[in-house]
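Novice: take a look and give me a structure for this.
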Amino acid sequence: MRIAIVTDAWWPQINGVVTTLDQTRHELESMGHEVAMITPQGARTVGLPTYPDIRLTLRAGRQVRRALDALEPDAIHIVTEGPLGLAARRYCRRLDLPFTTSFHTRFPEYIRERLAFVPLAWGYAFLRWFHRPAARTMVTNATMAKELAQHGMGDLVLWSRGVDTELFRPRSEAYWDLAPPVFMYMGRVSVEKNLEAFLRLPLPGTKVVVGDGPARAQLERAYPEAAFTGFKTGADLAAHLASADVFVFPSRTDTLGLVLYEAMACGVPVAAYPVQGPRNVVTQGETGFLDEDLGQAAMDAVTLDRRSCRRFALEHSWRRATQEFLGQLAPREPACEPLALSPPKEEG
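Specialist: Next up is the predicted model:
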């Protein structure tokens, strides 16, 4: 098929959404499909207020129209609710074309973190409006689907995630000379990631933050005892991660947390809060610990067998995740049946 993927999140951003899309494109092309990425690259953009690293495309309607007219795709997938996503939605609605969407970011919660006066209800009203015309909206797990359904969103189906187990793998050699144990966070350094909950913990050893973002300068000043490495990519990033003893994930708003898969692929157990995202990835007492006492979770995770984490990661390939994505698309002429989303299991 000719598949158009429309996203406001793309390189040079470094985050789980961009990684997911890049890996999905690679797998789709290796399976023989033609993929066109419609992104902010090459377009006129402005920085998102309060987060200038995220670029918003100007005159997005013209860019999307030209790209989709030229491609005449068999299937259109809209990733984000930004200017390009809105333009693609408008294009499909005007021409009565089927399309799918996916839910990656807790948009209402992130807005509230930056603009406290904006009610959550407004954000979820926008999400319902945006995704309602889609043939299907893809989510990372059944728990997320249940939560979104409670906010009035429908036609929710599963698109899981994978990990590159060749790049992210255990290493026997230490990558640095830091006082053990090494507790690490890797990802965007911004307010919604709740990093202070990690950095203020009275943990032994060394705290390391790998990544960059608008909160980095303030956090470096406030927590000089922690090591901030800035952005790392590729083998350098994987080597840093594999040298950690515990991966600490303090976010309470992530829909999944692709970095959790990457940490476990390196044999690194996870410490996190028992919230959406980690709850769907971490096996309690085996690949990590989830606890409202994040410091206790981190100390408990130090004792775990790293081989259990690696075994979990080996079961989650990008090829399998991409096959799920392909099965959920809404082509103009149906070529495959969508994968049904199993009812979420009751907790406890």
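Novice: first-to-last residue distance for stretch 169-186?
Specialist: With Cα to Cα, to the nearest Å as the measure, stretch 169-186 spans 16 Å from end to end.
Novice: list the buried ones in it?
Specialist: Buried positions in stretch 169-186, judged by neighbour count with 16 or more other Cβ atoms under 10 Å: Arg169, Leu178, Pro181, Val182, Phe183, Met184, Tyr185, Met186. Where C-beta positions appear, they are placed from N, C-alpha and C, glycine not excepted.
Novice: swap in stretch 277-295?
Specialist: By 16+ other Cβ under 10 Å, the buried positions in stretch 277-295 come out as Gly277, Pro278, Asn280, Val281, Val282, Thr287, Gly288, Phe289, Leu290, Asp291, Leu294, Gly295.
Novice: run through who's touching that stretch.
Specialist: 140-144, 197-198, 201-203, 247-251, 254-257, 260-261, 264, 269-274, 296-298, 300-301, 304, 308-309, 312 (Cβ atoms under 8 Å, 6 or more residues apart in numbering).
Novice: which one of the buried residues of stretch 169-186 sits closest to Cys92?
Specialist: Met186 (36.0 Å; Cβ to Cβ).
Novice: quick one, phi psi at the closest one?
Specialist: Per-residue torsions, Met186: phi -130, psi 130 (degrees, to the nearest 10).
Novice: show me what the nearest residue to it once chain neighbours are set aside bridges to in the sheet.
Specialist: Distance criterion Cβ to Cβ, 6 or more residues apart in numbering; nearest residue to Met186, sequence neighbours excluded, is Val210 at 4.2 Å. Here Val210 sits in beta bridges with Met186, Gly230, going by DSSP bridges.
Novice: where exactly do the helices run in the stretch 1-150 of the chain?
Specialist: Assigned by DSSP state H, counting those that start in this stretch, the stretch 1-150 of the chain shows helices spanning 16-30, 60-71, 83-95, 107-114, 120-131, 142-150.
Novice: need the residues that contact the longest strand seen in the chain.
Specialist: Using DSSP state E, we find that the single longest strand of the chain is strand 51-57. Under the contact criterion Cβ under 8 Å, 6+ apart, strand 51-57 has outside partners 8-9, 13, 40, 43-48, 63, 82-84, 114, 190, 213-214.
Novice: show the buried residues in those residues.
Specialist: Listed as buried from those are Asp8, Ala9, Gln13, Pro40, Ala43, Thr45, Gln63, Gly82, Pro83, Leu84, Ser190, Gly213; burial here means 16+ other Cβ under 10 Å.
Novice: the last one and His316: what is the separation?
Specialist: In other words, Gly213. Separation of Gly213 from His316 (Cβ to Cβ, to the nearest Å): 26 Å.
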